[in-house]
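Participant: Give me coordinates for this.
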Amino acid sequence: MSAGSKWRQAYQVIRERIRSGELAAGDRVPTIFELMTEFSMSNTVAQKVHRQLRLYGLIETEAGTGHYVLPDAAEKVKAAES
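Facilitator: Okay, the predicted model is just below:
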């Protein structure tokens with residue numbers, strides 16, 4: 001599996017977890033290390049997953065504490081699927 005498909009796969013999994021409510025507003029999303037472990041990807045590829053989630057307004061980053069699901073993230077994912 002290429003690095004490009006790995007980040008897309010991980011991005012889609014996290015996005016689906018947000019859509020389904022498994023990751024709700026305010027929940028911490030997987031860390032870089034957790035993404036690396038779960039999806040067998042490099043640090044750089046895992047960072048891209050977080051960048052894309054931020055770019056689409058699904059998560060926010062709090063320095064020193066982690067990445068968290070934004071309050072309207074599930075609605076954004078559902079609207080994008082419509």
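Participant: Am I right that Gln52 sits in a strand?
Facilitator: No: in this structure, Gln52 is helix, not part of a strand, as judged by DSSP: H, G, I helix; E, B strand; the rest coil.
Participant: how about the strands of this protein, start to end?
Facilitator: 59-62, 66-69 (DSSP state E).
Participant: Figure out which of these is closest to Ser40.
Facilitator: When these are compared by Cβ to Cβ, strand 66-69 sits nearest Ser40, at 19.9 Å. C-beta coordinates here come from the backbone N, C-alpha and C atoms, glycine included.
Participant: buried stuff in the closest one?
Facilitator: Buried positions in strand 66-69, judged by neighbour count with 16 or more other Cβ atoms under 10 Å: His67, Tyr68, Val69.
Participant: Ok, stretch 52-67 next?
Facilitator: Counting neighbours by 16+ other Cβ under 10 Å, one finds that the buried residues in stretch 52-67 are Gln52, Leu53, Leu58, Ile59, His67.
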